[in-house]
Structures are given as structure tokens and as C-alpha cells.
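S.K.: Structure, please.
(2 chains)
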There are 2 protein chains.
Amino acid sequence: MKRFPLLILLLAVLPVFAQSSLEKDEAKIKEIYDMALTNGQSYNWLGHLSNTIGGRLSGSYNAQRAVDYTKKELDSLGLDRVWLQEVMVPKWTRGFREYAYIETIPGSSMPINICALGGSVATPDGGTKAEVIEVKDLEELEKLGEAKIKGKIVFFNRPMDATKINTFSAYGGAVDQRANGAAEASKFGAVGVLVRSMNLKIDEYPHAGSMYYGDIPEEQKIPAAAISTKDAEYLSGNLKLQKDLKVYFKMNCENHPDVKSYNVIGEITGSEYPDEYIVVGGHLDSWDLGDGSHDDGAGCVQSMEVLRLFKELNYKPKRSIRVVLFMNEENGLRGGKKYAEVAKDKNENHVFALESDSGGFTPRGFTFNANENQLQKLKIWASLFKPYYLHIFKEGEGGADIGPLEGSGTVLAGLQPDSQRYFDYHHAATDTFDKVSKRELELGGASMAALIYLVDKYGL
Amino acid sequence: MKRFPLLILLLAVLPVFAQSSLEKDEAKIKEIYDMALTNGQSYNWLGHLSNTIGGRLSGSYNAQRAVDYTKKELDSLGLDRVWLQEVMVPKWTRGFREYAYIETIPGSSMPINICALGGSVATPDGGTKAEVIEVKDLEELEKLGEAKIKGKIVFFNRPMDATKINTFSAYGGAVDQRANGAAEASKFGAVGVLVRSMNLKIDEYPHAGSMYYGDIPEEQKIPAAAISTKDAEYLSGNLKLQKDLKVYFKMNCENHPDVKSYNVIGEITGSEYPDEYIVVGGHLDSWDLGDGSHDDGAGCVQSMEVLRLFKELNYKPKRSIRVVLFMNEENGLRGGKKYAEVAKDKNENHVFALESDSGGFTPRGFTFNANENQLQKLKIWASLFKPYYLHIFKEGEGGADIGPLEGSGTVLAGLQPDSQRYFDYHHAATDTFDKVSKRELELGGASMAALIYLVDKYGL
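M.R.: Residues are numbered from 1 along each chain as shown, chains lettered A, B, ... in the order given. The predicted structure is shown next:
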């Protein structure tokens, strides 16, 4: 009977929304959706980011092009302020496209699809060739210990759990292999790691993503690659036939000194409470294999669209609304940290921050990191989103980039799109513009604009 | 305050679901979803229907291959009965691929993409060439009358309304042009009609679909084609520049005598109430331009999956559960009519029928054609589907094929998948297997199985 508390609260708070006010909100929200669906700009923006620019790894030429392009586009919207916020970001380069094969007998090789994980060191110039030991998790690795691991390539092959309905839960349950596998395996003398791609499909595409060495010394760092799910199955099957087969892989990825980059920020200054800030954003950087259409070009253009819709509809917010296109979510989160740091230094009161970083799919609702009172207030608005098929209004995460604002009293929110297809594309060469539905993208942007409109109008 | 009646009812009926029974249902439903997501068969079946067989227009060789294939697959499931139900269906053939162009000056042609609408007569052997008059609806057509229409090609160009969030509403608001445009235009002496494709996207693909001449005499029937949305915009733009441009189009489609075909039916006979029937189904026929993956290969394989899951999980239903793969939904509904007719003749008590014919996308819930008591009972089950992100449990349509069962006391239900991408593919060459997400398809089938499980267990 979980419905009771909400119901009681609804009855208590309902008079606040007098009929006319509710109708006004319904009408304004319909205006927002109508405009987004009939005269939206987000899909065009995404086409440029994805097709003309492409993958935008932090510190790359394309990342800078994306900064320049989105700054120019925001400039054209007639906002009150548009600026770049300097931030130093890590720079890691993939080098030539890595390659790998299984060697069953010397001279006989069967190619497998891999990609270097972000942050990995290169293999030696001649590549790395060694026997392979398959494990399902870090615990099994530890049990095997140095005796079984030393001199080998550790193959982490625990699949994402297909029975998790929200695929982000499945991701959360598997990604430790990618993030920490190399650091742990190196402690036992492994010479490299292969990690099954974070992908629920069986296909030939390796999925990139960050890995971390923690505090292990430079000379102990071992190269780490993702292997496609299809080839993970293939390698696993071959290991059953021949325990002493070898895998060869070669990568010349490289970590470089930090370089200067930017968060891109635009603002409509509030008419009544200019010192209260509402942020809506996504991250501008992406991995380099695809063009980052879903991760997170979609979130960027949807966030830009929120401010464009307000201008287009001549809605003058009471509070200051900022779109922030964060740099370096993928391998450092420097943009998010920098934004929060500057906000703190300037003593800016951020009341609300909303991130879209779960793909440009049909929006299903929002999750909120907020206190109980705020959460109850937010939940009351759920009914306004019902005509648009949004049904998730509950506690949960905001997003990585806005995470550093936590603890300063900011309510954090995350757009929750349908998650079923996200990990088909996430960090892989398949994350391209053709995977984005114009309507789904536009519905997400409109949903964000509608929520920001309510937060701006009523506060929290 | 719409929540009150449901809440009160919930409190009243709740004791029926003692905690242990509720937990049992939760566990059984989780078993169903887990099995569908980790050991599903629907995607493989669809791969065969789509890729090996292909488009399955009623009366075609491929439609017969689809009957044979699905019969064989059902035979292999160990059901209690599998049979074919004979039904005579219309046969219409497209002939060679139709073509068309805009002629601005004699000899200068600009090609446009069209397809004959299902049921249309051919153009004369030399094709049809005439001036074009653009209208937005049947009302405008009537206003213009014979003076403006006679001898011309009528171009129906009212787009689907992008602001409708449920795209089926947008379809419903535009499809009269396709269904009745030719019959109406012929009354005013038009020589042909072009209808803007039922597609919310602007692209180059014409979308097929049925059209009806009603009772107009044979010699007054005029050829009718769909034009791609891109070329509809193009033609409309050119008409603004030059009112007297001409369009040429040529089609040699043909209506043939009815031919014999089949509904494919499989049954698990009920253990307690074998004379109460529950039907789950989709339609086996499709249009011929694509391979009918979403419309309605998806619904067929999901329905087959429901019975397979029951067998796999060793669930023995109390009532008789039938999968019915209906023939000829697209251009005649003969299969649906035949099934209902035979059921009536045999005095079979059909308590429930569920159709999936809205694409193989992420399921959002169900709509029900039921009386108020039944509806309230059904709505109570909604909470069991919440973990699977289903949130629509409301009054609405079942599906075309099960429609003829209406009025015999059968509760009709329709699976409601996310509708945003459906009309990108519907009846077009783009409705192909690669547009179907394995997980989305499987979640739909599991949702159907879970609902059928509840209906079977508790009745209605």
C-alpha cells in the first residue's frame, strides 16, 4: 500500500494547484512538446555533432571542434550569456587500430575483435602473446592467485545479466571487470587483460570505456582491451578445447600530459531570482570508436533544446537557467568537477541540476537525488507528464557530470529514457546517428524542458 | 482525483491476493521474463520469417511458406493440438515495381517514389499522365468538386499529426486519405490518386496499405498510389511553382480470384476448464515491400513464445490456451473473421483474446475491451508488471484479428509497445529484421505470457 503517503500529500498540497494554474501548466507543457515535435532543432544539431564532427574524445581535435560548434550554436540563440569554462583534461590516444588473434598452433591465427580500454598502456612494440586464463570475477582471480596468473593474459568473461530489466543495473553488475580488472590482475603478475564487452547483444563490436590502474607503479601497468561479445564466446569455447592456446594482441595507445579544454555554457538570466541557478546538461566528449550520438550527443542537444524552446516560446524564467555541455565525462569527469568547483568559489546557489546521459531513446521519466520533502513535491508533477507516457518519478541518480554539485543543497535529476537498446551501442563503433530516432530524441528534450519549466515556476 | 475508485477497490479485493499468492505470482512472472530474456526463441523465429521467407502478402507463395514454417515450429513444441484452419483470402499482386515522375515541361522528368496501394487497379498500359490537384482532406475534395477535379490526379497531402504522442492516433487521423481517397476522388472524375505515405519521418520510402473502392462500378475505379513523404513535400513545392505540371505514373497491380490459405493454430488444452479458451495471436500475412518484421512477424513469434514459455516452464494451464496466427489482416481480415465464425459455430467459450500487432518494441502495457468489473480486476494486476516497466493498463482496443470475437463476451486485449518508431517502418520497405531489438521483442512476449498466466489462473 505504498500509495497512501503520496495520496495524502496530494490532498494536502492540491489546493496549491488551483484548477486554472493546473490548466495553465498543462497548456504550457503541451506548447513545449508541440514545438519540440514540429519545429525541433535537436536532431539537426546532433546530425552535425555526429556526422560532420564525429567521435569527440577529450583532448582531441574533434572535442575542440565540438566546443567551437556548440558555442557558435548557443551564440545564435539570443541567450543572455554564452561562455567557455576552461578545464584541463586528460588526453589518451588510441593510436593505430589495435588487433589481436588466437594462436592454437604456432603460425595458425584466428583474428578476434578488440579495442584498447581508455587509459590503458600500450603493449610492448612486438605485441603481447601469452596463454589465457578465463575468470568470471575479481574474486575468482584472487582465488587463483599468482601461481595460476603469472605470465598470462587474464580474460574476464562475466556477461551482463540479461534478466535485469533496467540495463543500467546489468551494466553496474559487470563493469568492475573493465574498470579494475587490469589493476587487480597485474598484482598477480598477469601480462595483459581482455574484458568481455559491456554489451547484452552477441555481436562483433568491442566496446570501449575507462579502466583504472589505481596506485600501482608505472612499470606494473599491463595493457587492457575489450573483446567483442561474439569473440568472448569464441575464445571461451576454444579454451575449452585447448587450455594452452595463446592470444596475441598489439596496441599502441598512449597517455599524454593534460591539455586545455572547455565546458560550454549558456544562460538565460532569471527575471525574479537571478541568483538561483538551474542547470540542464549532458557531456560533449565521447569515446572515439563511434560518433557518440547516444553517449552523449543526445544529452547535449536535448539540453541546448531546452533553452531554445524557452526562447522560441518566449518563456522568461524566474530563475537563471544554464545549459552546460560538460567536457570529459568519459575518462576523468574534469568538466563536472570544474563546474562544481567554480560554482562553489562564486557561492552560486544551484537549486536544481538535470542531466541527460542515458541515450536519446523514448523518455520514461526522471530519477531524483533529493530530500523527502522535495521528492514528494516532484512526484506531484508526475501527473502532468502522463499524457506524454512518462511514468518514472522516483528517487535515483542524477548523472555523473552534475554529481559534483551534490552536498551543496542542489536537487539532482536524471532523464530516464527506455534503456533496452542503450548497451547495444554504448562506447562502440555502433553508436552512430542512424541509431537515433528523431521523435524519441525530441520527446526527451521536451520532457526536460517541461520539468525545468515546473522547477523554475514553483521552486523546490 | 481519479485514483480513488481504484484504491477503494484495491482495498476491497486485496485479501484475495494473500501475501503468499502474490509472492507466488511475482515469482512465476519473474520466471517467465527470465526465461524469455535468457533462453528466448522468438527472435530466431522472426529471423526465419523475415530473412528466409520475407514479405508474406495474402495469397502469395511466401504466405504459404510462412504457414508451413510456423505450423512445423508449433508442431515441435509438444502442444496438445496444432492445426490449420482453412480460409479463402483475397489475392492482389503488385506486378513490376511501379514508377512515377513529375513532368514540368514535356520531356523533362523528375522521378518520385511511389507504390501501388493494396487493392488498387492498374493504370492503363501506357500509364496515367495528368495535372495534379493537391488537397488536404476529403472535405476539401468535395468543395472543389467535379469542375476542378475532372481529368486530374488528386494528391492527398495531409501529414500525420506529429504532436500526437501515441503515433497510432496520428495514423488514425490521416489514414482516411489512403483508405477512401480514390473512391471519393473517382466520383468527381479524377483519373488517379497519390496519397502522402502514412509516415511521420521525411524519407524516400512509400508506405503501402489497403484502399477501398466501396461500391463504385468497376469502370470507375481509378489507380491509387502512396508517395514517399519526401516526394510529397517535393511535389507540393513544385506545384507552388507550377500549377500545371503533370505527374506520370504506371502500375500493373492486379486483383485475382480468392485463393485458399490458412490460420495456423496451436493449443495447450486446459487441465480444469478445457472448454474455456484463451487466445493469443498476431497476423502472419504482411505487406510485400519489406519483410513484415514489425507488422506483424513480431506479434506472431511473441504469441508462439507464450505457449513455448509455458511448456518450457512446465506450466499447465487450467484453461485451454491457443496461439492463433491469423491470415489476411492487411487486406481483408478474413482469418480473424473465419476464426470467430468457427468459434461461434462450435459454441466455444472464448474468455480472453490478446493480440500483438503494434510492433516488436519495448512493451508499455495493455489496453482492454472489457466491462467495468473486468477492467477493475485487470487493473489490479498492473502492479505485478511495474518491475518490468509496464504502466499502461486501461480501456482501449484489442486488435483487428481478434475484433470479430467482440460481442461474444470475450475480453479483448492489445499489447501496447512504445509507438514512436512504428510508422517509420509500417508497410514500407524499411520494415525489416534489423529494425527489431531482440530484448524489446522478448520483453513483449514475456509480458504477454505473464498476462495470460494471470488470466488463466484467476479468470475474469
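S.K.: With only the CA atoms kept, save the lengthiest strand in chain A in PDB.
M.R.: Counting residues, the longest strand found in chain A (DSSP state E) is strand A:254-268. What follows is strand A:254-268, C-alpha atoms only, in PDB (Å, rounded to 0.1, in the frame of the first residue of the first chain):
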ATOM      1  CA  GLU A 254      49.200   6.400 -25.100                       C
ATOM      2  CA  ASN A 255      48.600   8.600 -22.100                       C
ATOM      3  CA  HIS A 256      49.700  12.200 -22.700                       C
ATOM      4  CA  PRO A 257      50.000  15.300 -20.500                       C
ATOM      5  CA  ASP A 258      46.700  17.100 -19.700                       C
ATOM      6  CA  VAL A 259      45.500  19.600 -22.300                       C
ATOM      7  CA  LYS A 260      43.300  22.600 -22.100                       C
ATOM      8  CA  SER A 261      39.700  22.200 -23.000                       C
ATOM      9  CA  TYR A 262      36.300  23.700 -22.100                       C
ATOM     10  CA  ASN A 263      32.800  23.300 -20.700                       C
ATOM     11  CA  VAL A 264      30.400  25.200 -23.000                       C
ATOM     12  CA  ILE A 265      27.800  27.200 -21.000                       C
ATOM     13  CA  GLY A 266      24.800  29.300 -22.000                       C
ATOM     14  CA  GLU A 267      22.500  31.100 -19.700                       C
ATOM     15  CA  ILE A 268      19.100  32.800 -19.600                       C
END
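S.K.: And it, what's buried?
M.R.: Across strand A:254-268, burial judged by 16 or more other Cβ atoms under 10 Å in any protein chain shown covers A:255, A:261-268. From N, CA and C alone the C-beta is placed, and that goes for glycine too.
S.K.: Just the endpoints, please. Distance across stretch A:131-146?
M.R.: Chord length of stretch A:131-146, first to last residue, is 14 Å (Cα to Cα, to the nearest Å).
S.K.: What about A:Glu140, how many residues nearby?
M.R.: 14 (other Cβ atoms under 10 Å in any protein chain shown).
S.K.: That one - that's part of a strand, no?
M.R.: No - counting by DSSP: H, G, I helix; E, B strand; the rest coil, A:Glu140 is not found in a strand; it is helix.
S.K.: how much space is there between it and A:Ile102?
M.R.: 22 Å (Cβ to Cβ, to the nearest Å).
S.K.: Repeat that for A:Ile452.
M.R.: 52 Å.
S.K.: Between those two, which has more neighbouring residues?
M.R.: A:Ile452 (26 against 20).
S.K.: Just confirm that one contacts A:Val280, I think it does.
M.R.: Yes - using Cβ atoms under 8 Å, A:Ile452 makes contact with A:Val280 at a distance of 5.8 Å.
S.K.: Any residues of the stretch 51-200 of chain A in contact with chain B? List them.
M.R.: A:162-163, A:165-167, A:200 (Cβ under 8 Å from any Cβ of the partner chain).
S.K.: Report the buried residues of stretch A:187-203.
M.R.: A:188-201, A:203.
S.K.: Quick check: end-to-end length of it?
M.R.: 31 Å.
S.K.: what do you get for stretch A:317-334?
M.R.: Stretch A:317-334: ends 29 Å apart by Cα to Cα.
S.K.: can you pull out the strands in the stretch 51-200 of chain A?
M.R.: Per DSSP state E, counting those that start in this stretch, the stretch 51-200 of chain A carries strands over the ranges A:81-93, A:99-105, A:108-112, A:114-116, A:128-135, A:153-156, A:192-196.
S.K.: May I have the strands that pair with the first one, each with its orientation?
M.R.: So that's strand A:81-93. Strand A:81-93 sits in its sheet next to strand A:254-268 (antiparallel), going by DSSP bridges.
S.K.: counting contacts, what elements does the helix or strand following the partner strand pack onto?
M.R.: Downstream of strand A:254-268, the first helix or strand assigned by DSSP states H and E is strand A:273-283. Here strand A:273-283 touches helix A:298-312, strand A:319-326, helix A:334-345, strand A:349-355, helix A:438-458, going by 3 or more Cβ pairs under 8 Å, 6 or more residues apart in numbering or on different chains; DSSP states H and E.
S.K.: between the ones you listed, which gets nearest to chain B?
M.R.: Closest of those to chain B is helix A:438-458, at 4.8 Å (criterion: Cβ to the nearest Cβ).
S.K.: Just the CA atoms of the closest one, as CSV, please.
M.R.: This file holds the C-alpha atoms of helix A:438-458, laid out as CSV (Å, rounded to 0.1, in the frame of the first residue of the first chain):
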residue,chain,number,x,y,z
LYS,A,438,14.2,11.9,-34.2
ARG,A,439,10.9,11.7,-32.3
GLU,A,440,12.4,9.8,-29.4
LEU,A,441,15.2,12.4,-29.1
GLU,A,442,12.7,15.3,-29.3
LEU,A,443,10.4,13.8,-26.7
GLY,A,444,13.3,13.6,-24.3
GLY,A,445,14.2,17.2,-24.9
ALA,A,446,10.6,18.3,-24.5
SER,A,447,10.3,16.3,-21.2
MET,A,448,13.4,18.0,-19.8
ALA,A,449,12.1,21.5,-20.8
ALA,A,450,8.7,20.7,-19.2
LEU,A,451,10.4,19.7,-15.9
ILE,A,452,12.7,22.7,-15.9
TYR,A,453,9.7,24.9,-16.5
LEU,A,454,7.9,23.5,-13.4
VAL,A,455,11.0,23.7,-11.2
ASP,A,456,11.5,27.3,-12.4
LYS,A,457,7.9,28.3,-11.8
TYR,A,458,7.3,26.7,-8.4
